[in-house]
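In: 3D, please:
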Amino acid sequence: MATTHASTRTSRSPATYAWAEGLTAFAAVMLALAGLLAIFRGISAIAEDEVFVTTPKYVFQFDLTGWGWVHLALGVVAVLVSVGLFMTATWARVAGVAIAGLVIIANFLSLPYYPVWSVVMIAMSGFIIWALCVTRKEDGATAGGGRTS
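Out: Got it, this is the predicted structure:
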């Protein structure tokens, strides 16, 4: 019985590989979009502090210029990682999950300033994490022509 599990694990249908490749491409596009939006949000916070609404008596109070630099840095790294995802690099999958997690944390902390936008970005990052975690390395390696590093 133990040998049947090993044989079924290696016999994947082409549809499974296409599904894995599609989810990785989805995650790459979504991470690139999340990164670009974070870059724009960071630039607007750095350039013009009056763009953001400030709420009184919020537990986490940050300088908006510093907060803009955080979003800008996360956005740049997210765009770079999405390029790695398009090349189906294994390091990019791990980094993509980490960056999407950091984007979730950053948007959670900015919920009182822009609640709808923060919830949208949290949901988008959740889908990125799901797409990167649901596929396996061997699925993406076969689907992407064996290009993993």
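In: Can you name the helix or strand that Leu111 falls in?
Out: Assigned by DSSP states H and E, Leu111 belongs to no helix or strand.
In: burial of the residue nearest to it when sequence neighbours are not counted, as a residue count?
Out: Excluding the flanking residues, the one nearest Leu111 by CB to CB, 6 or more residues apart in numbering is Ser118, at 4.7 Å. Any C-beta I mention is one placed from the backbone N, CA and C, and that applies to glycine too. By other CB atoms under 10 Å, 18 other residues sit near Ser118.
In: Ok, Glu48 next?
Out: Other residues lying near Glu48 total 12 when counted by other CB under 10 Å.
In: Tell me who's in contact with it.
Out: Contact criterion CB atoms under 8 Å, 6 or more residues apart in numbering gives no residues in contact with Glu48.
In: when you give positions from now on, start the count at 862
Out: All set: I'll call the first residue 862, so the last point we hit is now Glu909.
In: So for it, what's the pLDDT?
Out: The per-residue pLDDT reported for Glu909 equals 70.
In: I'd assumed Phe969 was in contact with the residue nearest to Leu972.
Out: Yes: the pair Ser979 / Phe969 is scored as a contact, 7.0 Å apart, by CB atoms under 8 Å.
In: about what we covered before: mind telling me what element the residue nearest to Leu972 is part of?
Out: Short version, using DSSP H and E: Ser979 is in helix 976-995.
In: Give the other helices and strands that that helix contacts.
Out: With contacts defined as 3 or more CB pairs under 8 Å, 6 or more residues apart in numbering; DSSP states H and E, the packing partners of helix 976-995 are helix 875-908, helix 951-970.
In: So which bits of that helix are buried?
Out: Neighbour counts using 16 or more other CB atoms under 10 Å place 979, 982-983, 985-986, 988-990, 992-993 of helix 976-995 among the buried residues.
In: these two touch, right, Phe887 and Ala992?
Out: Yes: using CB under 8 Å, Phe887 is in contact with Ala992, at 5.2 Å.
In: For Gly927, see how far away Trp991 is.
Out: Using CB to CB, to the nearest Å, Trp991 is found at 31 Å from Gly927.
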